[in-house]
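S.K.: Sequence first, then the predicted structure, then my questions.
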Amino acid sequence: MTNDNKKPSAKTSKLKAHVTFLEMNHAPLRNVPVPTRPTIALIRAENIPAEFYRYLYELVGKAHHWEDRRNLPDARLYSLINHENAEISVLYADGCPAGFFELNKEKHPESIEILYFGLGQNYQGLGLGKWFTYAAISAAWAHKPEKIKIQTNTLDHPAALQLYQRLGFSPVATQDVKIREWK
């Protein structure tokens, strides 16, 4: 496997972000109905090629300047995304990849973290967000942890923090960070 991604230059600008860490200590009491349009399918992915994961990561993360996995070598990325503690599900809308979420089960049964989550920009504003967030939460609770965790920051979708709180997450900490701009 090769990694054709360019290394970040020294001139890459840094963006300030305020990170909020959230936890949920019990499963939601109500369901969120499945949207009827577009036609959707949520499929758990296994044996994921690094190239497909990179596509998903950029589809969702580029607009929000995700950086943790942006320049990992293919072999390292492949081992992370196909590790027994990783669980990745892909949302398809009208047959096209529309978003994904990744659960980190490393600290199970104490907690499960929704490590990555989001919709591509073309699939935002279609009424999928609340249901898709609930689907990720439900997938995490299916493992019966004591709590689930997620984090968001001010570079994420502006409705993310409010949505997480409406669905039952509570803030537990904050931190200011600098993130490399994804151009």
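M.R.: Nice, thanks for sending it over. Keep in mind that what you see is a predicted model, and the values were worked out from it rather than measured. Numbering: from 1, shown residues only.
S.K.: Pull out the buried positions in the helix or strand containing residue 172.
M.R.: Per DSSP states H and E, residue 172 falls inside strand 170-180. Within strand 170-180, the residues that count as buried by 16 or more other CB atoms under 10 Å are 179-180. The way it works is simple: take the backbone N, C-alpha and C, and place the C-beta from them, glycine included.
S.K.: and it, what does it pack onto?
M.R.: Applying 3 or more CB pairs under 8 Å, 6 or more residues apart in numbering; DSSP states H and E, we find strand 170-180 packed against strand 14-24.
S.K.: Can you list the strands that the strand it packs on pairs with?
M.R.: strand 147-153 (antiparallel), strand 170-180 (antiparallel) (DSSP bridges).
S.K.: Give the pairing partners of the following helix or strand past it; include direction for each.
M.R.: Per DSSP H and E, the first helix or strand lying C-terminal to strand 14-24 is strand 40-45. Under the criterion DSSP bridges, strand 40-45 sits next to strand 86-93 (antiparallel) in its sheet.
S.K.: Now the partner strand: buried residues?
M.R.: Buried residues in strand 86-93, defined by neighbour count with 16+ other CB under 10 Å: 86-93.
S.K.: same check, this time on stretch 39-49
M.R.: 40, 42, 45, 48.
S.K.: Redo those residues as a markdown table? Include pLDDT and distance to residue 74.
M.R.: Listed next are the buried residues of stretch 39-49 as a markdown table, based on pLDDT from 0 to 100; distance: CB to CB, whole Å:
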| residue | pLDDT | distance to residue 74 |
| --- | --- | --- |
| 40 | 96 | 30 |
| 42 | 97 | 26 |
| 45 | 97 | 17 |
| 48 | 97 | 12 |
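S.K.: can you list those residues in CSV and add distance to residue 176?
M.R.: Listed next are the buried residues of stretch 39-49 as CSV, based on distance: CB to CB, whole Å:
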residue, distance to residue 176
40, 36
42, 34
45, 33
48, 33
